[in-house]
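> here is my input, please return the structure:
(chains A and B)
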Amino acid sequence: MEKKTRRDFMKTLGVSIGATGVLTSSLLSSCNRVEAVSGDKIKVLTAGGQLVEVDISQLKPAEFPSLSENQERGRKGIPGKSWVMVIDLSKCRNARECMKACQDHHQLRPEQHHINVLQMQDAEHTAPYYMPKPCQHCDDPPCTKVCPVNATFKRDDGIVLIDNERCIGCRFCIAACPYSARVFNWFEPRDAEKYEGVTYNIEANVPQKKGTISKCLFSADLLREDKLPSCVSACPNGVYWFGDRNEDAVTNGTTKETVRFSELIKDNAAYTLMEELGTKPRVFYLPPKDRAFPFEGDAPDHHDA
Amino acid sequence: MYKRINLFIAVLFVLPAFQVIGQDWVVPAENSAIENPQEYTLKNVKLGKDLYMVNCKSCHGDPGKNNPLPLVPVPPDVVSDQMQSNSVGDLYYKMSIGKGAMPQFETTISEDNRWRIVNFIMNYNSNRKQLLEDKPPVKAQLLASINEDDGTVNVFAEYEDKGGDYSKLVDVPVIFSLKKTFGNLELGECITNENGRSDFIIPGSLIGNEEGFVTIVVSLGEDYEAKDVILENAKICMSKEVPKLIRQGVIWSTNDNLPMWLLLSYIGMVGGAWLAIGYVVFQIIKIRKYSKE
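Numbers count the residues shown, from 1 in each chain, chains lettered A, B, ... in the order given. Okay, here's the model as predicted:
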């Protein structure tokens, strides 16, 4: 029997390893191929939360944004921006389109509100008015400071976000927020089965998770695509102005008119809510003067029509 | 196809419903009979058009283009029979008082101006002579260059005449705006001179991006069909300041925002306390040891 040298052994080892590699990779690639049979349709949920139907032959495996990448990007914010919202109370007629658009975008149940239109009367003899109230995105937010797990945080572009992968549901932030801007997922979120398996997008807080906090985030996922937040573009009455304070411009969601933020604020004597608390809100209100619509109490639900 | 038929049936049923809603709005007889105190002149119609564009267009759409906002009921087009079947008094009453989605403009537009808008609507009435005619937009060309030293934009405009030749556009407003994140901020306009040329000084107080670059959009009014000139990356403005919002100095919840001095002094204090305790314990052990000896 001939004696095998160490060199011979290494040679056979190398060849067999190479062969196994080729075999496995070809096996794997055959598994990955999607059968291209046209005519069959499949239902797909888009990142925006819409259920669409596409031909199965059109399907290609997509690069899924990884959760950790989403979280890292979501914490950094959009460089150079400083988002502000201006709400013109004289234009609001309680159409509630903002609330509807928001609930559709952020997977909220009917009783959950990131933005809520309130009926206000400041004192006994003052005029009642409608007031949409989103998160105020304070520059000195009380809510982020009480979070024991760093789940809620302030970004450099001004938005206060929540990471429901970190949230433990202690609800300290709900107690700390003077504007009652936060909601808790007491039950399974709306359309939970539709969102199963979708990678969590921290900038839309979708999919929602039972037992965690949710809050308004100025539709940060849309801002990244240079689109206005969903409540702003849904308003039919020109109530909302939104823009970048650093470049001193805000755009109306209805008319798409762009004006200088500083002039709008100055000319209309804008105010912020509970400024005495020193929270420095980013949502500015124009007083309900010269109103376009009379106050009618509980307005009829326009969505039934 | 099936869906389309469904939609068609739905539209068949819903359309009359809208008309009923529209006709439901009864104007008191004394208001309906009021005549327009503003004269029906070209000047008043033009002023009415400007007011319409600012206050009404967002819902009612452009006259004759049938592009209203999809509200319930749908705001009627200015040219439509639903609108034109109203008397001038009806129109004035309805725009003043408002109903449902229609705002009450008596709080925001003066009486004279409301009558001017009525004049503009009457411009499309079949019983009246049309004073302001909608001409199709004229093909035009716009050239613009920017002088970064003094912040002036030089403009030259020309239009295509009937013969197909281009000749200079005289006495026409050119609109300048600044590109912002969600839209264009209008800066102002200038009128072209007899050579079809014009200059516009960009105010230096504008805010550009972090490096001070801005994008200026130059456009002709809607009477002309011309490509907007987009002057990109002009360095004529102040650069945008980006203040830091995230404050350093919290020791809890956010490790990233923890300043080094706070971390070191915290660790130093805790470590010092443990050292002191350790020293005491060590001394006690030592005393025990000596007492045994």
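> do stretch B:179-188 and chain A meet?
Yes - residues of stretch B:179-188 contacting chain A under Cβ under 8 Å from any Cβ of the partner chain: B:180-186. The way it works is simple: take the backbone N, C-alpha and C, and place the C-beta from them, glycine included.
> and that stretch, what's its mean pLDDT?
Taken as a whole, stretch B:179-188 has a mean pLDDT of 91.
> now B:Y124: phi and psi?
With angles defined as degrees, to the nearest 10, B:Y124 sits at phi -100, psi 10.
> for it, what are its contacts?
Contact analysis of B:Y124 by Cβ atoms under 8 Å, 6 or more residues apart in numbering or on different chains lists B:63-64, B:78-79, B:84, B:130.
> by neighbour count, which of those residues wins?
Within the contacts of B:Y124, most neighbours by other Cβ atoms under 10 Å in any protein chain shown means B:V78, with 24 neighbours.
> out of the contacts of B:Y124, flag the one nearest to A:T126.
Using Cβ to Cβ, B:V78 comes nearest to A:T126 of those, at 38.0 Å.
> wouldn't that closest one be in contact with B:G64 here?
Yes - using Cβ atoms under 8 Å, B:V78 is in contact with B:G64, at 7.3 Å.
> how many residues are close by the closest residue to chain B within the stretch 51-200 of chain A?
Nearest residue of the stretch 51-200 of chain A to chain B: A:N150, at 4.7 Å (Cβ to the nearest Cβ). Number of residues near A:N150 (other Cβ under 10 Å) recorded here: 17.
> separation between it and A:H106?
22 Å (Cβ to Cβ, to the nearest Å).
> again, but for A:P294
Counting by Cβ to Cβ, the gap from A:P294 to A:H106 is 31 Å.
> quick one: which of the two has more around it?
Between A:P294 and A:H106, A:H106 has the larger neighbour count (other Cβ under 10 Å), namely 27 against 11.
> now do the buried residues in stretch B:127-147.
Across stretch B:127-147, burial judged by 16 or more other Cβ atoms under 10 Å in any protein chain shown covers B:131, B:140-142, B:144, B:146.
> now, the residues you listed that are in helices?
For the buried residues of stretch B:127-147, not one is inside helices, with DSSP state H as the criterion.
> nearest to chain A, of the residues you listed?
Comparing the buried residues of stretch B:127-147 against chain A with Cβ to the nearest Cβ places B:I146 closest, at 19.0 Å.
> need the contact list for that closest one.
B:152-154, B:202, B:216, B:231, B:234, B:236.
> repeat that for B:L206.
B:L206 is in contact with B:178, B:187, B:214, B:236-238, counting by Cβ under 8 Å, 6+ apart.
> tabulate the residues of stretch B:179-188 next to chain A (CSV), appending distance to B:G100, secondary structure and neighbour count.
CSV is the format used below for these (distance: Cβ to Cβ, whole Å; DSSP: H, G, I helix; E, B strand; the rest coil; neighbours: other Cβ atoms under 10 Å in any protein chain shown):
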residue, distance to B:G100, secondary structure, neighbour count
B:K180, 34, coil, 21
B:T181, 34, coil, 20
B:F182, 29, coil, 21
B:G183, 29, coil, 20
B:N184, 32, strand, 21
B:L185, 33, strand, 22
B:E186, 32, strand, 15
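> on that earlier part again, buried ones among the contacts of B:I146?
B:153, B:202, B:216, B:231, B:234, B:236.
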